[in-house]
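Novice: Give me a model of this one.
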Amino acid sequence: LRTREFVMKDAYTFDVDDAGLQASYGRQREAYQRIFARLGLETVIVSASSGAMGGSRSEEFLFPTPVGEDTFVRSPGGYAANVEAVTTPVSDPVDAADSPAPQVHDTPDAATIEALVTLANAQFARPDRPWTAGDTLKNVVLALTHPDGRREVVVVGLPGDREIDLKRLEASFAPADVEAAGDADFARHPELVKGYIGPGALGTNARKLAGEGEERAGVRYFLDPRVVPGTSWITGADVAGKHVFGLVAGRDFTADGVIEAAEVRAGDPAPDGSGPLELERGVELGHIFALGRKYSAALGLTVLDENGKSVVVTMGSYGIGVSRVVAALAEANHDDAGLTWPPDVAPAHVHVVATGKDAAVIEAADALAVELELAGMDVVLDDRPRVSAGVKFADAELLGMPVVVVVGRALARGLVEVRDRREGSREELPPSQAVGAVRSLLGWD
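Specialist: Numbering: from 1, shown residues only. Just a heads-up that it's a prediction; the model follows:
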């Protein structure tokens, strides 16, 4: 859910020490909770990745809606996080002492995970169960563009039944930009055989194979946390048309690091053990960061502390997407006819509609509008003389003021109609009681 224009409310805090930053962060967090509660917007506070901003802590305020652009997770036990910030629970290492040595097999026309699994079950069946995509280790080739313009090819290894999540990948490699490697990248690295890439040509494994005294940098290799030491895999043999079976992590290959890059699925365990995760969509309304000293140190921003010692201040950053909040309010407050604004953010509190051409109706509507304004309300008065009642009602519904007061035929009986736009209810009462009724509907009593 996006708006054409992006308006941001920004705030920054500056503290002498980390304790001060935590206090400032907590006050801003509580203020955000009160703001969104007053707006009537449900929000979920989720742990988030700091990304290029950096810092020790980061949280987003998300408005849950199926049309949201962000995916987040929740568990029955209260865990909540943006998918970029979800960490994978790491299993204990597997005892691979009795694991047989790896074997290389011919696997022609098996450059995809699906084709590899089909061939493995047809020609190299295992006795206990069929091979699955989760038994394969696929190696995805990526290109990083670093802030200094340097382009680097890296490879991420993950179980074959998982897909790369680009947002999680970008968070892990920030501040570098990430994209799939292109033909030019593969041309610079002939050791990467498309469809048959294995750990042997990558990272520390390539350096080991090169032998002592031979220089070989090797493409950096990162592994998904699920690839724990002792686990056995089917993966590329770095030769076209060949895969290796029974390659054991930790024994037969290692990596330069572990990275969170795989998609998060419904049913995955929460990192804190609070139950299975459920995926939801949401709109990011606010984001707060405990930045620390990254930017203040770069700027040389120092002050004297209580002991007269010069210290680098520690910073917090806090933002609300004002225009995105408006979009979320529209999503949460509407019916088939138009918007139904909450009173605290409505363009006006009450919409007075004068129907008919009778001068008495126009005068009564004008007088009532003045009375409502004197009571502290913002008023829209529709007294257009040559516009039908139907058009005026349609416009009132479209604009969505919380309360609509209709001055029309009922005035002959000494009554006006007060409509609650949000609840869809209506009541006829004397004009003298209209102000009190509107105040009540606005929650001012």
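Novice: Identify the residues contacting residue 249.
Specialist: Shown in contact with residue 249 (CB atoms under 8 Å, 6 or more residues apart in numbering): 223, 227-233. To be clear about C-beta, it is placed using only N, CA and C from the backbone, and glycine gets the same treatment.
Novice: how about TSV for those residues, with neighbour count and secondary structure added?
Specialist: What follows is these, written out as TSV (neighbours: other CB atoms under 10 Å; DSSP: H, G, I helix; E, B strand; the rest coil):
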residue	neighbour count	secondary structure
223	24	strand
227	20	coil
228	16	coil
229	15	coil
230	16	coil
231	20	coil
232	18	strand
233	25	strand
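Novice: Farthest-apart pair in those residues, please.
Specialist: Using CB to CB, the contacts of residue 249 span at most 14.2 Å, a distance reached by 223 and 232.
Novice: So which residue is dead centre in the protein?
Specialist: Nearest to the mean C-alpha position of the chain, by CA atoms, centre = their mean, lies residue 70 at 3.3 Å.
Novice: Looks like that one contacts residue 281 (just checking).
Specialist: Yes. Between residue 70 and residue 281 there is a contact under CB atoms under 8 Å: 6.9 Å.
Novice: where exactly do the strands run in the stretch 251-400 of the chain?
Specialist: For the stretch 251-400 of the chain, the strands defined by DSSP state E, counting those that start in this stretch cover 257-258, 278-292, 302-304, 310-312, 314-321, 350-354, 379-382.
Novice: Ok, the stretch 101-250 of the chain next?
Specialist: Going by DSSP E, counting those that start in this stretch, the stretch 101-250 of the chain shows strands at 103-106, 137-145, 151-159, 177-180, 220-223, 232-236, 242-248.
Novice: Just give me the neighbour total for residue 322.
Specialist: Close neighbours of residue 322, defined as other CB atoms under 10 Å, add up to 14.
Novice: That one and residue 34, how far apart?
Specialist: Distance, residue 322 to residue 34, by CB to CB, to the nearest Å: 16 Å.
Novice: now residue 237
Specialist: 60 Å.
Novice: okay, these two: which has more neighbours?
Specialist: Neighbours around residue 237 and residue 34, counted as other CB under 10 Å, are more numerous at residue 237. The numbers are 24 against 9.
Novice: what's near enough to touch that one?
Specialist: Residue 237 is in contact with 104, 196, 198, 200, 243-244, counting by CB under 8 Å, 6+ apart.
Novice: rerun at 7 Å
Specialist: By CB atoms under 7 Å, 6 or more residues apart in numbering, the residues touching residue 237 are 104, 196, 198, 243-244.
Novice: how close does the spatially closest residue to it that is not a sequence neighbour sit to residue 141?
Specialist: Nearest residue to residue 237 in three dimensions, chain neighbours excluded: residue 244, at 4.5 Å (CB to CB, 6 or more residues apart in numbering). Distance from residue 244 to residue 141, counting by CB to CB: 18 Å.
Novice: same check, this time on residue 329
Specialist: To residue 141, residue 329 is 44 Å away according to CB to CB.
Novice: Which residue of those two possesses the greater neighbour count?
Specialist: Neighbours per residue (other CB under 10 Å) separate residue 329 from residue 141, with residue 329 holding more: 22 against 19.
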